[in-house]
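Visitor: need a 3D model of the sequence below.
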Amino acid sequence: MTDLRQKIFSYRSYTPIPFLIVMILFAKPSLWSLAIGFIIALIGELIRIWGVGYAGGETRTTGPVGGSKLVTNGPYAYVRNPLYIGNMLIYLGFGIMSMALFPYFQILGLIYFFVQYYLIVTLEEEYLSGRFGDEYKLYFENVRRFIPRLRRYKFASNFKFDIKEALRSEKRTLQAFFGVTLLNILIFFFRNKF
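Guide: Numbers count the residues shown, from 1 in each chain. A predicted model of the protein is given here:
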């Protein structure tokens, strides 16, 4: 199972491509779907920027699961995997923008990405447990995996938010975000003009 999880981790940047293709082929965006989907996707991207501003560029690795520091502040003080939550919101938002095969495509996408991230997260948890021991165990026991808590983790680390690092690390994600958004807008105008 570890080999499968590591492969999924290594190729996680490419797994949305089949969904993007289906989204383009079956897109039927409306003004409402564009607006609502954009807001949901934007919330996801803002969560990612917030998380990457604390965790840094290490979140971009495609090699073995790893990490040189245990980040437990910022969004990590409320949920252990804010970047994956952000991703799922982005994918859901894009699916809603496109209205492709609504609602089945969006539901299938959420299930698919939840399973993918669950497998990746279990691998990351094993690594973090081995690397950070009791510090991670305390964090693991007090902060949930995917459902944010309302109260901040009381032993949060003291890393500072770095917007420059966040934007540098998010460059590809931001390009994809605006590219897919523009694509949905173009599809809307193309379908409504002709």
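Visitor: can you give me the strands for the protein?
Guide: Using DSSP state E, the chain contains no strands.
Visitor: any idea of the mean pLDDT for stretch 44-55?
Guide: Summarised as a single mean, pLDDT over stretch 44-55 is 96.
Visitor: what residue lies at the spatial centre of the chain?
Guide: In the chain, the residue lying closest to the centroid (Cα atoms, centre = their mean) is residue 87, at 2.0 Å.
Visitor: my guess is that residue meets residue 112, correct?
Guide: No. If you go by Cβ atoms under 8 Å, residue 87 and residue 112 don't touch, sitting 11.8 Å apart. Using the backbone N, CA and C atoms, a C-beta is placed for each residue, glycine as well.
Visitor: what comes up buried for the helix or strand bottoming out on mean pLDDT in the chain?
Guide: Within the chain, no helix or strand scores below helix 2-10, which has a mean of 82 by mean pLDDT, DSSP states H and E. Residues of helix 2-10 classed as buried: 5, 6, 8, 9 (neighbour count, 16 or more other Cβ atoms under 10 Å).
Visitor: repeat that for stretch 25-37.
Guide: Those would be 27, 29, 33, 34, 37, for stretch 25-37 by 16+ other Cβ under 10 Å.
Visitor: buried residues in stretch 155-168?
Guide: 156, 157, 159, 165, 166.
Visitor: take these and keep only those in helices.
Guide: 165, 166 (DSSP state H).
Visitor: JSON lines for the buried residues of stretch 155-168, including distance to residue 43 and pLDDT?
Guide: Below are the buried residues of stretch 155-168 laid out as JSON lines (distance: Cβ to Cβ, whole Å; pLDDT from 0 to 100):
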{"residue": "156", "distance to residue 43": "22", "pLDDT": "91"}
{"residue": "157", "distance to residue 43": "24", "pLDDT": "90"}
{"residue": "159", "distance to residue 43": "23", "pLDDT": "91"}
{"residue": "165", "distance to residue 43": "21", "pLDDT": "92"}
{"residue": "166", "distance to residue 43": "16", "pLDDT": "94"}
